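Engineer: Give me a model of this one.
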Amino acid sequence: MKLEAVVDDAAAAKAVEAIKAAASTGKIGDGKIFVLDVSEAVRIRTGETGAAAL
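Structural biologist: Next up is the predicted model:
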């Protein structure tokens, strides 16, 4: 399974903690979390950009 989420910088740490809490079984195969920067976001319908597009 692959989960992708884009959140505001202020919410990133809480998002990581929530994913860890939900996905952890303590067994091999629980997965990994990669935190990456998103340089831009655009909401196609309204043309909003940046945090407003999230």
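
Engineer: can we go C-alpha only for contacts and neighbour counts from here?
Structural biologist: Fine.

Engineer: how about the helices of this structure, start to end?
Structural biologist: With DSSP state H, the ranges of helices along the chain come out as 12-23.

Engineer: In it, what residue spans correspond to strands?
Structural biologist: Assigned by DSSP state E, the chain shows no strands.

Engineer: what about the nearest residue to Ser24 once chain neighbours are set aside, distance to Ala21?
Structural biologist: Distances taken as C-alpha to C-alpha, 6 or more residues apart in numbering put Asp30 closest to Ser24, at 5.8 Å, once the chain neighbours are dropped. Distance from Asp30 to Ala21, counting by C-alpha to C-alpha, to the nearest Å: 11 Å.

Engineer: same question, Glu40
Structural biologist: Taking C-alpha to C-alpha, one finds Glu40 at 28 Å from Ala21.

Engineer: Neighbours of Ala51, how many?
Structural biologist: Using other C-alpha atoms under 10 Å, Ala51 has 12 neighbouring residues.

Engineer: got the contact list for it?
Structural biologist: Ala51 is in contact with Asp8, Ala41, counting by C-alpha atoms under 8 Å, 6 or more residues apart in numbering.

Engineer: what's the distance between it and Thr25?
Structural biologist: Taking C-alpha to C-alpha, one finds Ala51 at 33 Å from Thr25.

Engineer: How about Leu36?
Structural biologist: Leu36 sits 24 Å away from Thr25, going by C-alpha to C-alpha.

Engineer: of those two, who's got more company?
Structural biologist: Applying other C-alpha under 10 Å to Leu36 and Thr25 shows that Thr25 carries more neighbours, namely 10 against 7.

Engineer: what's that one in contact with, if anything?
Structural biologist: By C-alpha under 8 Å, 6+ apart, the contact set of Thr25 is empty.

Engineer: looking at it, the residue nearest to Ser24 is touching Ile19, isn't it?
Structural biologist: No: using C-alpha atoms under 8 Å, Asp30 makes no contact with Ile19, being 10.8 Å away.
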